[in-house]
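Asks: Prediction below, plus the sequence it came from.
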Amino acid sequence: MHESHNLTKVYICAYFLNQGALGTCFGQKPLTSPVQYFLGEDLEIFILSPDGGKFKAIKENPNVCLLVNADYLSYKIKGVQVFGTAKTSIEDETLYDEAMMFLTDPNIIDIEMEELKVIKIVPQEIVYLDAFKDENRTKQIIENGHIRDKDEDILLY
């Protein structure tokens with residue numbers, strides 16, 4: 001596993017509570033859904049959820065963004081944006097068994113397993129920002145196994 005993958009696993013797992021907001025788009029309408037997630041191999045992200053709008057959106061457009069962040073305090077923020085492509089267990093029934101291989105905390109599930117569907121996100125780019133300590137707004141970009149810094153004023157998203 002690349003150094004950047006280990007670094008990102010620390011950011012996602014250690015600093016955050018496995019909760020975030022999943023951004024999707026259905027037609028011309030952007031949607032955001034609160035989700036709980038856990039990591040698989042190579043930073044793949046699994047989300048267990050009852051059926052809903054996010055599944056319809058992913059079927060139409062598999063490009064997603066998962067935002068995980070700490071509290072936003074006076075422009076000080078720590079967070080991760082994971083941009084990637086998603087697929088669901090509605091289209092690929094094997095995802096349920098794959099997700100169960102990586103589920104280490106059964107408390108992440110608060111409803112009956114039979115009612116849950118799986119979303120799997122394969123990251124394309126991960127953006128990390130920690131502006132809590134010194135208010136430095138430089139973002140760290142992890143893409144294709146490489147880490148680079150990018151100042152916020154020239155980052156396009």
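Replies: That came through fine.
Asks: any idea of the mean pLDDT for the longest strand belonging to the chain?
Replies: In the chain, with assignment by DSSP state E, the single longest strand is strand 117-130. For strand 117-130, mean pLDDT rounds to 88.
Asks: how about the helices in this structure?
Replies: 3-15, 53-60, 94-100 (DSSP state H).
Asks: residues near residue 49, how many?
Replies: 21 (other Cβ atoms under 10 Å). Where C-beta positions appear, they are placed from N, C-alpha and C, glycine not excepted.
Asks: hey, what's it bridged with?
Replies: Legend: beta-bridge partners of residue 49 under DSSP bridges are residue 117.
Asks: Looking at it now. What's its pLDDT?
Replies: On the pLDDT scale, residue 49 gets 91.
Asks: My guess is it contacts residue 24. True?
Replies: No: the pair residue 49 / residue 24 is not scored as a contact, 11.8 Å apart, by Cβ atoms under 8 Å.
Asks: Give me the common contacts of these two.
Replies: Listed as contacting both residue 49 and residue 24 by Cβ atoms under 8 Å, 6 or more residues apart in numbering are residue 33.
Asks: In this protein, what helix or strand scores lowest on average pLDDT?
Replies: Least confident helix or strand of the chain, by mean pLDDT, DSSP states H and E, is helix 3-15 with a mean of 54.
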